[in-house]
Each structure stands twice: as C-alpha cells, then as structure tokens.
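S.K.: what's the 3D shape of this:
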Amino acid sequence: MRRVVVVVLGIALLLAATRAQAFCPCYSVTAQPNSNNCGVEAVPGTNPSVAAWQPIFTLVAGGPAAWGSAGPAVGAIGQGCGKPEAPHDVPAVFPCELLRAIAMQETGWRQFCVPDEPANKVGPPERTIIAVDCGYGVGQVTSGMHTGETPAFDRARVAGDATYNLATGTQILAGKWHATNCVGDNQPAIVEDWYVATWAYNGLAFSNNPNNPNYDANRPVCDPSAGCAGRPYQERIWGWMEHPPTPAHWTPLAPAYPNRGDIGSSGVPPDLPEPACAGPTDCVNTRSVHTTACIPSATPDAGTPAADGAMAPPDDGGSPPPGAPGAGCSCRFGGDGAQPPAGALLGLLLVFGCARRRARLP
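M.R.: Presented below is the predicted three-dimensional model:
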C-alpha cells in the first residue's frame, strides 16, 4: 500500500511539472481577446533545444560587438564607480549566467511553443509565446510590442528570432544598468554587480525590495524548481543561477547577495557595497562575487577573491525555501517558476526505483 501511495505522489508531481511547462499563451494581433493591444502577429517556429540555446546565450553575452546584425543596436554602458575604478563607458556586455537565469524565469527558455490559450489560438504548430501583457518570446520583450508603438528595434524579429529576441532583452537590461546606482565597483563582468539592474528589469519598486515586510525575514536561498513563493524578482534569478533545472542547462553558481541593511526601505536603493552575503537574509556566512565565464575579456572563475582573499565556498544546494505568502513578483508563466519537466521525470523514475527496491526488502 505504501508503494502505491509513493508512486501516486510521483505521478502527481510529474503532471504538475508538465502542466507548468505546457502553459503557452499566444495573445497575438488576431487573438480573441487581445485586451492589451499586442501589435505583432505570432510567428511559426521550432524552439531551440537546451543544447542549441547554449551558443545563443554565449553570443548575446558578448553584446553587439559579438552579435553584429543578429541583434539590435545597444549603446555603451558604464563601468567603474570609483571603488577604485573611475566611471567610464565600455561596450555593452552581459553575464551569460544572468541571461540564462532571467530567460528561465521568464519563459523556461521558450521562444516558440504550441499555444494553449486563448481559445482561438489553441493547437499546433509551435508559434511565438506571447503573454497577455504582450511580452514576446524568450525574453518577454513587452515595451514596443503594442499596437502603434515604433521602437528602435525590429518587432517582427523579436517575435520570430530567438537570438534577436534575447538580444533585445539585453537592450532593456542595459537601460536598467544605466538608470540604477552602483553595486560594488559597477563591473559588467561581475555577475553580482547586476543585482539592482536585475531588480529594475522587473520593476524598481518596493514590491521587489528584499526588506519588504511581506517577505519572510529568515528566508533561505530560493530554489525555484522546488517552489519559493513570496520572493523579490531578483532573488528568484539568483536562485535559478544556483539551482539549474537540469545539469544540461548550466553549471550551478552560488552568487553573493547584498546586505539588506545597505539597501534601505525604498524602491530605489543607494550605491551598494560589493555583495558578500551567503543568502538573502544570511550575512553571518559569506560568499565572494563571480566573474562571468562568457565574456572573452573577463577571467572566469568560481568565485572572485574578496578583499580578504577568501574564495566562494562550494555550492551546497541551499535549503528548501518556505512557501511564505507575500507580495512581489512571481514567474510570468506558471506559479513559482516554469521549468522543463525533466526533473519531475527523473524524480518519478527514482520513485519507481525506490518502490521496487522496497518491495524486495524483507
């Protein structure tokens, strides 16, 4: 009887994960309804495999100097905040670790999927994933995609080209880097220095402030695959970096977090010291920052030395996050984070294996 219960629970987990991955809105121009006036029609296409996504992320991480005509124009971004490097402009580049995590949070790495809503768009073939708010494709590019808008990028390519879509998302991210205060010495190659820009990517508001009292003041590192309700957007992105959905997606990276005491209680944090906390509420334990592995001029490592020369500790997987209720951002598609069902399939196989082994024990 116990074996039956375990197997049923495993099947339930598989179905839940599959349902999250299957959610595929397609609110194009001809959708009924199209209440937010999405202005570009969906494009048929085949979504890249996990392996095929990898060179896309690497290319886009290199910025317009790397992608050329494969993406839109993106201007220079700032580097240095006088700690000690003097502020100056450099060609735009982006940590691929951050891009992978944002794309996983936004769409589960989907540019195309078989729509399951609204009713007049349900069914094959695979087409552009378009959220009800007119977020298009893997990067959920929303600004510029409504009827009558004329952005400085190619809207049709945003809908139909995964590389161009992701690159357009970095154009938005670069704007957030420009518009926010420094983290550390404001180094684009340092993953953690993008903390506030990542916050702003989803809205530089108090709803994403880690000091918001709606969030558990003792919450551990988020594991989006396990579910971590009531989290600021940037903590979900940091959690994805540490907890990839499968080993094939990326190597885990345990990022450092800013001290909440430095952030304050508004929606616009001041200049922040280099992050060094081991979790969103744990500054007793520390981590060092990380240099991206995907920018050619950067020196990749597993933990850039802090001022005291300490290195980042090994990834320990974190702790299971609580399902604390609260305000703040959740994944655009499917609750705590849309993810491929591969993890659930593996879990189900393990459940069956354990059940069979248990049946053989005396």
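S.K.: How is the chain partitioned into domains?
M.R.: Following automatic domain parsing, the chain resolves into domains at 1-23+340-362, 24-337.
S.K.: any chance of those in CSV, with mean neighbour count and mean pLDDT too?
M.R.: C-beta: built from backbone N, CA, C; applies to glycine. As requested, the domains of the chain are exported to CSV (neighbours: other CB atoms under 10 Å; pLDDT from 0 to 100):
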stretch, mean neighbour count, mean pLDDT
domain 1-23+340-362, 14, 38
domain 24-337, 19, 88
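S.K.: Go ahead and confirm Pro232 touches Asn208.
M.R.: Yes. In this structure Pro232 lies within contact range of Asn208 using CB atoms under 8 Å: 4.3 Å.
S.K.: could you say which helix or strand contains Val74?
M.R.: Using DSSP states H and E, Val74 sits in no helix or strand.
S.K.: residues in contact with it?
M.R.: The contact partners of Val74, taken as CB atoms under 8 Å, 6 or more residues apart in numbering, are Gly63, Pro64, Ala92, Ala167, Thr170, Gln171, Ala174.
S.K.: Helices - which of these land there?
M.R.: Pro64, Ala167, Thr170, Gln171, Ala174 (DSSP state H).
S.K.: So for Trp177, what's the nearest residue that isn't a sequence neighbour?
M.R.: Ala197 (4.4 Å; CB to CB, 6 or more residues apart in numbering).
S.K.: hang on, the one you found in a helix?
M.R.: Yes. Counting by DSSP: H, G, I helix; E, B strand; the rest coil, Ala197 is part of a helix.
S.K.: backbone phi and psi for Thr58, please?
M.R.: phi -60, psi -40 (degrees, to the nearest 10).
S.K.: Please determine how far the residue nearest to it when sequence neighbours are not counted is located from Gly144.
M.R.: Once flanking residues are discounted, Thr58 sits nearest to Cys294: 5.3 Å by CB to CB, 6+ apart. For Cys294, the distance to Gly144 equals 26 Å [CB to CB, to the nearest Å].
S.K.: Kindly report the same for Pro33.
M.R.: 21 Å.
S.K.: One more: Thr180?
M.R.: Thr180 is 21 Å from Gly144, by CB to CB.
S.K.: same thing with Phe112?
M.R.: 20 Å.
S.K.: And Val196, how far from Leu204?
M.R.: 8 Å.
S.K.: Quick check: neighbours shared by these two?
M.R.: Common neighbours of Val196 and Leu204 (CB under 8 Å, 6+ apart) are Thr180.
S.K.: Report the backbone C-alpha coordinates of stretch 168-185 in PDB.
M.R.: The C-alpha trace of stretch 168-185 is given here as PDB (Å, rounded to 0.1, in the frame of the first residue of the first chain):
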ATOM      1  CA  THR A 168      16.600  42.900 -27.400                       C
ATOM      2  CA  GLY A 169      16.100  41.900 -23.800                       C
ATOM      3  CA  THR A 170      19.600  42.900 -23.100                       C
ATOM      4  CA  GLN A 171      18.900  46.300 -24.600                       C
ATOM      5  CA  ILE A 172      16.300  46.700 -21.900                       C
ATOM      6  CA  LEU A 173      18.700  45.300 -19.200                       C
ATOM      7  CA  ALA A 174      21.400  47.800 -20.300                       C
ATOM      8  CA  GLY A 175      19.000  50.600 -19.800                       C
ATOM      9  CA  LYS A 176      18.400  49.400 -16.300                       C
ATOM     10  CA  TRP A 177      22.100  49.300 -15.700                       C
ATOM     11  CA  HIS A 178      22.300  52.900 -16.800                       C
ATOM     12  CA  ALA A 179      19.400  54.000 -14.700                       C
ATOM     13  CA  THR A 180      20.400  52.400 -11.300                       C
ATOM     14  CA  ASN A 181      23.000  53.100  -8.700                       C
ATOM     15  CA  CYS A 182      26.300  51.200  -8.500                       C
ATOM     16  CA  VAL A 183      26.700  47.800  -6.900                       C
ATOM     17  CA  GLY A 184      30.300  47.300  -5.900                       C
ATOM     18  CA  ASP A 185      32.600  48.900  -8.400                       C
END
